[in-house]
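K.L.:
Coordinates for the following, if possible.
(chains A and B)
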Amino acid sequence: MNSIVRFSDIFCKLVSTHLLIARQHIMDQIINLYIWTCCTLVIMGYIMQSFGLVSTYGCFQFASIVGAVGLFEVYNAAARNLMDIDSDRTISYYLILPARSVVVLLSMACSYAIVGLLLTVLVIPLGKLIFYNQLSLAQISWFKFLTVAVLANIFFGIFVVAVTAHVGTIARMRNIWSRFIWPLWFLGCYQFSWEAIHQSLGSLSYIFLINPVLFVMEGMRGSLLGSQEFLPWEICCVAICFYIVICWQYAHYKMKRLLDFV
Amino acid sequence: MNNKILLKIKNVKKKYATQEALKGVSLDIYKGEILGLLGVNGAGKTTLSSIIATLHPPTEGDIEFEGKSIYDDVATYRFSIGFCPQKPNLNPMLTLEQNLRLSGSYYQMTKEQIDARLAQLVEQFGLQKYLSQKAQVLSGGYKQRFMIARALMHNPQLVILDEPTVGLDPHIRRQLWQQIRDLKQLGVTVILTTHYLDEAEQLSDRVCVLDGGLIKLIDTPDKLKADFKMKNLEDVFIALMSEGSASSDSGNSADNS
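P.N.:
Sure, this is the predicted structure:
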């Protein structure tokens, strides 16, 4: 019991350390996110309609962006970790603190999740501003939204640790985008719903369900747009929880191999 | 130094994918002593010190701290040690004061304890000038001082210093030597990994020479000089290493013949 209290205390202090560092570039992250979101939503919500896109596609894309915010932070966060591993190795200091090594890894994941969650929430007012009449805040299920946002960002936080451990060195950093983020993003129902894949590919569409990002997108759309066309929100939450566990197991295993900690 | 064993290293081995860095090291470290770990590059000094610091696990063997295996409760053992690795790893995104304060907080120190300890270490190591700066601005000597200060923040009983003076100017080295001697005065046990034989001779109560992942010799510097009939530890070390390469050469010849 004593060690649980002590580990929790160190965990909280490590999370606050990571957040103290994250605070130094959070404004840049928000500005970058707003630029990217504005460009995407204006094009998808207004310009692409002249190419035949339905008028509701802007809101659909907005819900996808809200879900994908944490995913787009994975690259930067993993790159920072890899730079540390290849240079200062401040992580080595954390790994000899009077706690278990999992506390250190979990604190990293948790801080990425908190930052991701903050950015996710901050996209909502921007979406409302861009799609003032099309997007009704009243139709958002805030409970469902917050639940899926928390779960999604916990997953992305752990995913950062897993990607860092898998890639292992800054020299292989380019692999993060092309081998992880890009396929998860593009095959993760960012631009279409799983129903659309199902209609196009039939039973082959079930293969797409191995992609955790798909459940984040569908769950987010279910909570923000409230439509029945998406996978059930509850199934999405359960699936994200399942992927959190799998991803954590992998992250811990690979990190132990990479850093050879006690 | 007294005769109470603080740390007992029992047949520690460390294997990596392509090599065996430690081939079975057994060693007792006494409370309050400065133990110099010597050896050529690749002898296993850093591997051994990082295992003692619990940064890496051994492949085989055990380490006992005050009679108990450290692996039974690693977290508690870590309260008793301070580790200063070869390469400074202060967090570059935080000020040096934040680095030290956070270090104290991780070890469950109260704010008052942190304030008091920080003031003490700042004075002892002359760190005041740089407290509000980040680590990038520091020279090598100051980085090492901050690293040692951070390792000492929580008043550990055992401090592991892995080549703390490498690449430093001679006068900065001398200052750090004095600070290491001061640790001994305070009753702290020090494991000092070094390449510099003059440093080991000046500071160590005992020196332990590692070669190829094994302990080649362990004794006081004076005893070693007397046994080898040499004036200084550097001559002893060179003699010891030549002896090793001569015997391995003859071993190779015997194998070949």
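
K.L.:
How about stretch A:225-234, which residues are buried there?
P.N.:
A:225, A:230-231, A:233 (16 or more other C-beta atoms under 10 Å in any protein chain shown). Every C-beta, even on glycine, is put in place using the N, C-alpha and C of the backbone.

K.L.:
Then stretch B:122-137?
P.N.:
B:122, B:124-125, B:127, B:130-131, B:134-135.

K.L.:
now the buried residues of stretch A:225-234 as TSV including secondary structure, distance to chain B and pLDDT?
P.N.:
Output for the buried residues of stretch A:225-234, formatted as TSV (DSSP: H, G, I helix; E, B strand; the rest coil; distance: C-beta to the nearest C-beta, whole Å; pLDDT from 0 to 100):
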residue	secondary structure	distance to chain B	pLDDT
A:225	helix	39	91
A:230	coil	40	91
A:231	coil	40	94
A:233	helix	38	95
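
K.L.:
Could you tell me which of the buried residues of stretch B:122-137 are located in helices?
P.N.:
Using DSSP state H, the subset of the buried residues of stretch B:122-137 located in helices is B:122, B:124-125.

K.L.:
is it true that residue A:154 touches residue A:109?
P.N.:
Yes. In this structure, residue A:154 is within contact of residue A:109 by C-beta atoms under 8 Å, at 7.2 Å.

K.L.:
the more surrounded of those two?
P.N.:
residue A:109 (27 against 23; other C-beta atoms under 10 Å in any protein chain shown).

K.L.:
And the helix or strand containing the more buried one, what's buried?
P.N.:
In this structure, residue A:109 sits in helix A:101-130 according to DSSP states H and E. Residues of helix A:101-130 classed as buried: A:101, A:103-120, A:122-124, A:126-127, A:130 (neighbour count, 16+ other C-beta under 10 Å).

K.L.:
ok, now stretch B:189-202?
P.N.:
Applying 16+ other C-beta under 10 Å to stretch B:189-202 flags B:189-194, B:196-197, B:199-202 as buried.

K.L.:
Ramachandran coordinates for the closest residue to chain A within the stretch 151-257 of chain B?
P.N.:
Nearest to chain A, among the residues of the stretch 151-257 of chain B, is residue B:154, at 8.7 Å (C-beta to the nearest C-beta). Main-chain torsions, residue B:154, degrees, to the nearest 10: phi -100, psi 20.

K.L.:
Just to check, it is in contact with residue B:109?
P.N.:
Yes. Checked against C-beta under 8 Å, the pair residue B:154 and residue B:109 is within contact range at 6.3 Å.

K.L.:
Residues in a beta bridge with residue B:15, which ones?
P.N.:
Here residue B:15 sits in beta bridges with residue B:20, as judged by DSSP bridges.

K.L.:
what's the burial count for it?
P.N.:
14.

K.L.:
Check residue A:183 too.
P.N.:
Residue A:183: 12 neighbours (other C-beta under 10 Å).

K.L.:
following the helix or strand containing it, which helix or strand shows up next?
P.N.:
In this assignment (DSSP H and E), residue A:183 forms part of helix A:182-186. Sequence order places helix A:194-201 as the next helix or strand after helix A:182-186, per DSSP H and E.

K.L.:
show me the contacts for residue B:127.
P.N.:
Going by C-beta atoms under 8 Å, 6 or more residues apart in numbering or on different chains, residue B:127 touches B:96, B:121, B:142, B:145-146, B:149.

K.L.:
separation between it and residue B:145?
P.N.:
Separation of residue B:127 from residue B:145 (C-beta to C-beta, to the nearest Å) stands at 6 Å.

K.L.:
can you check residue A:124 too?
P.N.:
For residue A:124, the distance to residue B:145 - C-beta to C-beta - is 48 Å.

K.L.:
what's the answer for residue A:88, then?
P.N.:
Distance from residue A:88 to residue B:145, by C-beta to C-beta: 17 Å.

K.L.:
same question, residue A:78
P.N.:
33 Å.

K.L.:
pLDDT score for the closest residue in space to residue A:55 that isn't next to it in sequence?
P.N.:
In space, and not counting its chain neighbours, residue A:55 is closest to residue A:49: 6.1 Å by C-beta to C-beta, 6 or more residues apart in numbering or on different chains. pLDDT, residue A:49: 89.

K.L.:
Could you look up the SS state of residue A:49?
P.N.:
Secondary structure assignment for residue A:49 (DSSP: H, G, I helix; E, B strand; the rest coil): helix.

K.L.:
Kindly tell me how buried it is, as a neighbour count.
P.N.:
13.

K.L.:
Surely it is in contact with residue A:61?
P.N.:
No. Using C-beta under 8 Å, residue A:49 is not in contact with residue A:61, being 11.9 Å away.

K.L.:
what sits against the residue of the stretch 151-257 of chain B closest to chain A?
P.N.:
B:79, B:82, B:103-104, B:107, B:109, B:117.

K.L.:
which ones among the residues you listed come in contact with chain A?
P.N.:
When contact is defined as C-beta under 8 Å from any C-beta of the partner chain, the contacts of residue B:154 meet chain A at B:79, B:107.

K.L.:
can you put the contacts of residue B:154 in TSV and add neighbour count and pLDDT?
P.N.:
Shown next, in TSV, are the contacts of residue B:154 (neighbours: other C-beta atoms under 10 Å in any protein chain shown; pLDDT from 0 to 100):
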residue	neighbour count	pLDDT
B:79	16	96
B:82	28	97
B:103	24	97
B:104	22	97
B:107	21	96
B:109	19	96
B:117	21	96
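
K.L.:
So which of the contacts of residue B:154 are in strands?
P.N.:
residue B:82 (DSSP state E).

K.L.:
what's the pLDDT at residue 246?
P.N.:
This is for chain A. Reading off the model, residue A:246 has pLDDT 98.

K.L.:
oops, chain B please
P.N.:
60.

K.L.:
Same check on residue A:1?
P.N.:
56.

K.L.:
can you check residue B:183 too?
P.N.:
Taking residue B:183 on its own, its pLDDT is 92.

K.L.:
What of residue B:18?
P.N.:
For residue B:18, pLDDT reads 85.

K.L.:
Same check on the one 3 residues further on?
P.N.:
At residue B:21, the model reports a pLDDT of 95.

K.L.:
Cross-check the contact I'm expecting between it and residue B:15.
P.N.:
Yes. Contact between residue B:21 and residue B:15 holds when scored by C-beta under 8 Å: they sit 7.3 Å apart.

K.L.:
And the contacts of the worst-scoring helix or strand of chain A on mean pLDDT?
P.N.:
One helix or strand of chain A scores below all others by mean pLDDT, DSSP states H and E: helix A:174-175, with a mean of 86. Residues from elsewhere that reach helix A:174-175 (C-beta under 8 Å, 6+ apart): residue A:167.

K.L.:
From the chain's centroid, how far away is it?
P.N.:
How far helix A:174-175 lies from its chain's middle: 18 Å, per C-alpha atoms, centre = their mean, to the nearest Å.

K.L.:
Stretch A:170-182 now?
P.N.:
16 Å.

K.L.:
got it, and stretch A:75-91?
P.N.:
19 Å.

K.L.:
what's the answer for stretch A:243-260, then?
P.N.:
In terms of C-alpha atoms, centre = their mean, the centre of stretch A:243-260 is set 17 Å apart from its chain centre.

K.L.:
confidence score at residue 179?
P.N.:
As the question left the chain open, I've gone with chain A. According to the prediction, residue A:179 has pLDDT 89.

K.L.:
let's do chain B instead
P.N.:
89.

K.L.:
And it, which helix or strand is it part of?
P.N.:
Using DSSP H and E, residue B:179 falls in helix B:170-185.

K.L.:
That helix packs against which elements?
P.N.:
helix B:111-125, helix B:140-152, strand B:189-193, helix B:197-203 (3 or more C-beta pairs under 8 Å, 6 or more residues apart in numbering or on different chains; DSSP states H and E).

K.L.:
Would you confirm that residue B:153 contacts residue B:121?
P.N.:
Yes. Assessed by C-beta under 8 Å, residue B:153 is found in contact with residue B:121 at 6.8 Å.

K.L.:
Since that was my last question, I'll sign off now.
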